[in-house]
Structures are given as structure tokens and as C-alpha cells.
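S.K.: sequence and predicted model, in that order:
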Amino acid sequence: NAGVTQTPKFQVLKTGQSMTLQCAQDMNHEYMSWYRQDPGMGLRLIHYSVGAGITDQGEVPNGYNVSRSTTEDFPLRLLSAAPSQTSVYFCASSYSHGQTTELFFGSGTQLSVL
Amino acid sequence: AQSVAQPEDQVNVAEGNPLTVKCTYSVSGNPYLFWYVQYPNRGLQFLLKYITGDNLVKGSYGFEAEFNKSQTSFHLKKPSALVSDSALYFCAVRVNNDMRFGAGTRLTVKP
């Protein structure tokens, strides 16, 4: 099983550019989410989805959009990149959004905004 | 607010010695607590979780964690550390649709 697949692994953007980070899972998981990881701050939730067609904001949603047209895919869009969005981004999924279920993570996308 | 805290940024142990990585929590209601490990340039991997029942939870790679309600702690432990255990460890609590993480503890095991 591939699990959670993220592309690209690395990306450099100029301020103001837009791009989409891709995330796909093959485990038929109901719940998918995007986190950003910054040094000394752990991981913070950007957006999440509890099923196809349903998305909601997390702790740090500004500057990002998501959509969930299928169970498998959950892309993250940066609308107009800013240096503050330089970070490592992780997609994660779980079979439900229940509080007892663990997350499965992709390998991450390292994004630099110049 | 529902949260976890990891009081140590860095833990150093010698190979073969026991290791402990500390975590405390602040949760109203039942705490659902998790430990994850992150190796360099990789995503987080699930190690173990506490849901209910036995206070000693066993997980992957020989790790275990002790839930202590009176001290609001969920410390990660291993009886004998390996060099390959060197990594970044995160404690977390799942709150509704969010997994809230501590800042992480870097474990270094020296030969």
C-alpha cells in the first residue's frame, strides 16, 4: 500500500505566486487534513475534511484553500505565497474523525517562499 | 484549552540505558493521547495511544507509555535505548477534528 502520497517533495516559490500541493490516500479514509510544521511549534492544523464535499478550517487557515471532490484526494492551494508560508507541509488521514483514531502522515513537502 | 506540553526540547541518553520522554496534558473530559515519531525528512509515524483501561500502553519498536491521571502525564518510555531510536518525538491529543501536538522532543541516543 502506498498510504498517503504527497507531491512535490520540495518547492521554491516567489512571493505572490500560487501553487497546489497534492495529497492522495489509498486507504479509503474518511478524514484528511493538512498541517504545517515550524521549528519549536510542533504541527498546526490548516484545513481538514471529514468526507468528500466537506471541508473546514483549522487553526491557521489564512492564505490557504482546500477542496475534497473525491475520498482519495485533498489538495492544498496557496493563493498568493508569502515568506511566512515557508514551512514543511504534511497531509494526514484517518479512517474516521473520531477522537480515538490515529493519523497516517505523508512524507511532507518542504516549501520555501522567497 | 485542550493541549499537551513537552517540557524538554532535547533528551540525551546512552545506548542500552532506559529512556523517558515527558508529556503533560490539559484536557477536559476523557483524554485521548498519542505519541508519534519523526525520523529525518520523513512524516510522522504513529507509535501508541491511550484511550482507556490499562495505564501502561505498549506500542511499536518496544516503546511504551504510562498514563498518570493524578499527574496529568503521559510519558514515553523504553527500557533499553538504541542508536536508531534517535528522532523527534511528539505527544498529541485528539480534540474533535484536530490532533494537537506538543512542540516535540529531540531524542539523541549515543553509542
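M.R.: Ah, there it is. In this text the structure is predicted, and so the values were computed from the model without any measurement. Numbers count the residues shown, from 1 in each chain, chains lettered A, B, ... in the order given.
S.K.: may I have stretch B:11-19 as CSV, with CA atoms only?
M.R.: This file holds the C-alpha atoms of stretch B:11-19, laid out as CSV (Å, rounded to 0.1, in the frame of the first residue of the first chain):
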residue,chain,number,x,y,z
VAL,B,11,16.9,14.4,25.7
ASN,B,12,20.3,12.6,25.5
VAL,B,13,20.8,9.0,26.6
ALA,B,14,23.4,6.4,26.2
GLU,B,15,22.7,3.3,24.1
GLY,B,16,21.4,0.5,26.4
ASN,B,17,20.1,2.9,29.1
PRO,B,18,16.4,3.4,29.7
LEU,B,19,14.8,6.5,28.1
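S.K.: let me see the mean pLDDT of it.
M.R.: Averaging pLDDT along stretch B:11-19 yields 98.
S.K.: next one: stretch B:33-51
M.R.: 93.
S.K.: let me see the residues that make contact with that stretch.
M.R.: The contact list for stretch B:33-51, computed with C-beta atoms under 8 Å, 6 or more residues apart in numbering or on different chains, reads A:4, A:43, A:90, A:92, A:100, A:102-108, B:4, B:23, B:25, B:31-32, B:57-61, B:63-65, B:67, B:74, B:76, B:87-94, B:99, B:101, B:104. Any C-beta I mention is one placed from the backbone N, CA and C, and that applies to glycine too.
S.K.: just the endpoints, please. Distance across it?
M.R.: 7 Å (C-alpha to C-alpha, to the nearest Å).
S.K.: same deal with stretch A:9-18?
M.R.: Using C-alpha to C-alpha, first and last residues of stretch A:9-18 are 16 Å apart.
S.K.: beta-bridge partners for the one residue sitting closest to the centre of chain A, please?
M.R.: A centroid search over chain A (C-alpha atoms, centre = their mean) returns A:Trp34, at 2.7 Å, as the residue closest to the centre. Per DSSP bridges, the residues bridged to A:Trp34 are A:His47, A:Cys91.
S.K.: please tell me how far it sits from B:Val109.
M.R.: Distance, A:Trp34 to B:Val109, by C-beta to C-beta, to the nearest Å: 32 Å.
S.K.: and what of B:Tyr50?
M.R.: B:Tyr50 is 24 Å from B:Val109, by C-beta to C-beta.
S.K.: how about the residues of chain B by chain A?
M.R.: B:9, B:32, B:34, B:36, B:41-46, B:49, B:51, B:90, B:94-104 (C-beta under 8 Å from any C-beta of the partner chain).
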